[in-house]
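In: Fold the following and give me the result.
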Amino acid sequence: MWALVKNNIIDTIYYNAKSVVIDNVRYPSNMFTLYTTAEKKRIGVYDIVRKSKPDPNFYNISTSTYTYDSGTDTVNEDFNITEKDLEDLQTSSISQAKRMAYALIQPLSWLTQRNVFDNTEEIPSDVITYTNNVRTFCRNIITAVEECNTLPEFKIIFEDISDPNGQYYTWPDNSAVIEYERH
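Out: Numbering: from 1, shown residues only. So this is what the prediction gives:
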C-alpha cells in the first residue's frame, strides 16, 4: 500500500499498484514496485508502514487510518483494537464444536434408523465406538471452553485445539467407519 502526500497531508491511498497521474505526469503501475523509496518520495508517494494486527479471532479491529509523520517522513497505518466478548467467543466455539460433531456423526445416522425401524441388523461396534469418541471429544472441548474465565485463558485453549483457520482438529479418526457413511 502507498500514499500520495501533498503539502504534508495525505491526498490519496493506493491499495493496489496502478497507473497514476501526479502533477500532470503519468506513472506506470510498476512504478510502485520498481522505483526506490527515495524515487517514490521525490514524487510524493510513500510506502505505508503497516501496523501489526492482532488475531481477529479474539479482537475487533477498526478500519485503518493513515497519518503522515513529517518528523520521520513516513506514512503510518493505525487502527483501534478491542477484545471480543468472552461469552460470545465461548458461545461461538461451543456451537462450532457441536456442528462439527453433528457433521461427523450424521452420515452414520441411517444405521440407527435402520436398527430402530427394522431391528434386523445391529449397529456395528466400530460405529458405536466412533460416535462415542466424537461425542466425548465434543464434550471435552465444551468443558474446556466453558471453564475459561479470561480471554488469555480462552486463547490458550483455542490455539491448543484449533488449526490456523480456527477449525477444531484432532477429532477421532473415521477410517474404521467410512465404509458405513452415507451422504
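In: what's the helix of greatest length in the chain in contact with?
Out: Assignment by DSSP state H gives helix 125-146 as the longest helix of the chain. In this structure, residues lying in contact with helix 125-146 by C-beta atoms under 8 Å, 6 or more residues apart in numbering are 90, 93-94, 97-98, 100-101, 104-105, 108, 111, 154, 157, 161, 168, 170-172, 174, 176-177, 180. No exception for glycine: its C-beta is placed from N, CA and C like everyone else's.
In: can we see that at 7 Å?
Out: The contact list for helix 125-146 (C-beta atoms under 7 Å, 6 or more residues apart in numbering) reads 90, 93-94, 97-98, 101, 104-105, 108, 111, 157, 161, 168, 171-172, 174, 176-177, 180.
In: In the helix or strand that that helix is followed by, which residues are buried?
Out: Moving toward the C-terminus from helix 125-146, the next helix or strand (DSSP states H and E) is helix 151-161. Of the residues in helix 151-161, those buried under the neighbour-count criterion (16 or more other C-beta atoms under 10 Å) are 151, 154, 157-158, 161.
In: I'd like to know which elements helix 151-161 is packed against.
Out: Contact analysis of helix 151-161 by 3 or more C-beta pairs under 7 Å, 6 or more residues apart in numbering; DSSP states H and E lists helix 86-105, helix 125-146 as its packing neighbours.
In: packing partners for the first one?
Out: Pointing back at helix 86-105 there. helix 125-146, helix 151-161.
In: okay, now the domains of this protein?
Out: 2-82, 86-180 (automatic domain parsing).
In: would you turn these into JSON lines with mean pLDDT?
Out: JSON lines is the format used below for the domains of the chain (pLDDT from 0 to 100):
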{"stretch": "domain 2-82", "mean pLDDT": "96"}
{"stretch": "domain 86-180", "mean pLDDT": "91"}
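In: Which of the three states applies to the residue of the chain most remote from its centre?
Out: Distance to the chain centre peaks in the chain at T120, reaching 46.9 Å (criterion: C-alpha atoms, centre = their mean). When classified by DSSP: H, G, I helix; E, B strand; the rest coil, T120 comes out as coil.
In: what separates it from I128, distance-wise?
Out: The gap separating T120 from I128 is 17 Å, by C-beta to C-beta, to the nearest Å.
In: same deal with L86?
Out: L86 is 36 Å from I128, by C-beta to C-beta.
In: Over to K18?
Out: K18 is 60 Å from I128, by C-beta to C-beta.
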